[in-house]
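Engineer: Okay, sequence plus prediction incoming.
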Amino acid sequence: MATTFQNLIDDVQLDLAGFTYRQDRVTYITAAITATDLTIKVSSTENIGKGIVEIDDEMMWVDSYDRQSNTITIAPFGRGYNATTAATHAVNAKMTIAPTYPRQAVKRAINDTINAVYPKVFGIGSTTASFLASRTTYSLPSNAIQILSMAWQSVGPTKEWLPIRQWRWDPIANTTAFTTGKTVSIYDNVLPGRTIQIVYAALPVNFTNLTDDMETTTLLPSSMRDVLVYGAAWRLSSYIDPARISISSPQSDEIDAKRPYGTGSNVTKQLQTLYMMRLEEESLKQKLQYPTRVHYSR
């Protein structure tokens, strides 16, 4: 089953909830709202007060509420609060009250983790081109950082792909001739018209949409799923002591006695250790799968 951005967000929030023993208070909206509405009908205002609420990926600032009509009023500055984007929301959309880890923060932590895994782990991309007798140099995507392997499709029923051993990688190619600034020049005796395949290492790419597939979008292997989850959870837990989150509940005194202040730093260290261990394992797997290959260049 493919892993999407939404799956990773859910995993991170689930892991953090397990570590912090915190269950966010929630309700849901009973009527759809547009991106400009300031009055929202909800199922219950029992746990709502002035402050931040979250619907989908949008944060809002509640200015007042009416417990009789179960209606809340958002402050004039309250839509798209904390640099989120005001959007439409469907009926029955979940509203989280004072979220411990807002979805926007979780999304940012996941993308920050993707940016941080390189150079330990890199993305894998591939492209094909038809070899031309009059041309030696071919453009590569702008996020390419190294050639891993090249081969061309032989003639005949064997369907064999023959390795290309003489080539030159240029990461600073002339951008007037090659807009991406990345090229490879091929000097092997490849038959004209045959398909060449280039596998390259690439900078991992951030997620944009919730439906983005992990392998297709980030170019990272599917086995990196838990690495991204551990990395994002570690980044988020480092900003708050999970042992003190429960101070907002009536049972805070009893629970805090069992989990004294400072326990949060232990959780952060544990998540960091898991992240670094798994990142090292993925790095070793890539080195075994894509060993350094000998090639000749002019």
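Structural biologist: Perfect, thanks for sending it.
Engineer: so Gln13 touches Pro102, yeah?
Structural biologist: No. Gln13 is not in contact with Pro102 according to C-beta atoms under 8 Å; the separation is 9.9 Å. All C-beta spots, glycine's among them, are computed from the backbone N, C-alpha and C.
Engineer: Low-confidence stretches in the protein?
Structural biologist: Segments of the chain classed as low confidence (criterion: pLDDT under 70) are 1, 19-22, 239-264, 298.
Engineer: Could you rerun that using 50?
Structural biologist: 242-243, 247, 251 (pLDDT under 50).
Engineer: And it, split by domain according to the record?
Structural biologist: Under the assignment automatic domain parsing, the domains of the chain span 1-23+100-122+204-298, 25-99, 132-189.
Engineer: and of those, who's closest to Gln197?
Structural biologist: Each of those was scored for nearness to Gln197 using C-beta to C-beta, and the closest is domain 132-189 (5.5 Å).
Engineer: measure the closest one end to end?
Structural biologist: End-to-end span of domain 132-189 (C-alpha to C-alpha, to the nearest Å): 11 Å.
Engineer: Can you pull out the residues in contact with stretch 169-179?
Structural biologist: Defining contact as C-beta atoms under 8 Å, 6 or more residues apart in numbering, one finds that stretch 169-179 is touched by 137, 139, 144-147, 180-185, 297.
Engineer: any idea where the helices of the stretch 151-298 of the chain begin and end?
Structural biologist: Listed in chain order, the helices found in the stretch 151-298 of the chain under DSSP state H, counting those that start in this stretch are 214-218, 225-237, 252-258, 263-289.
Engineer: what's the most buried one of those helices?
Structural biologist: Ranked by mean neighbour count under mean count of other C-beta atoms under 10 Å, the helices of the stretch 151-298 of the chain are led by helix 225-237, which reaches a mean of 24.
Engineer: Against which helices or strands is it packed?
Structural biologist: Other helices and strands packing on helix 225-237, by 3 or more C-beta pairs under 8 Å, 6 or more residues apart in numbering; DSSP states H and E, are helix 5-20, helix 103-116, helix 263-289.
Engineer: Out of the ones you listed, flag the one nearest Thr36.
Structural biologist: Ranking the helices and strands packed on helix 225-237 by proximity to Thr36 (C-beta to C-beta) places helix 103-116 first, at 19.7 Å.
Engineer: Between helix 263-289 and the closest one, find me the angle.
Structural biologist: Compare the direction of helix 103-116 with that of helix 263-289 by axes from the mean of the first three to the mean of the last three C-alpha atoms, to 10 degrees and you get 40 degrees.
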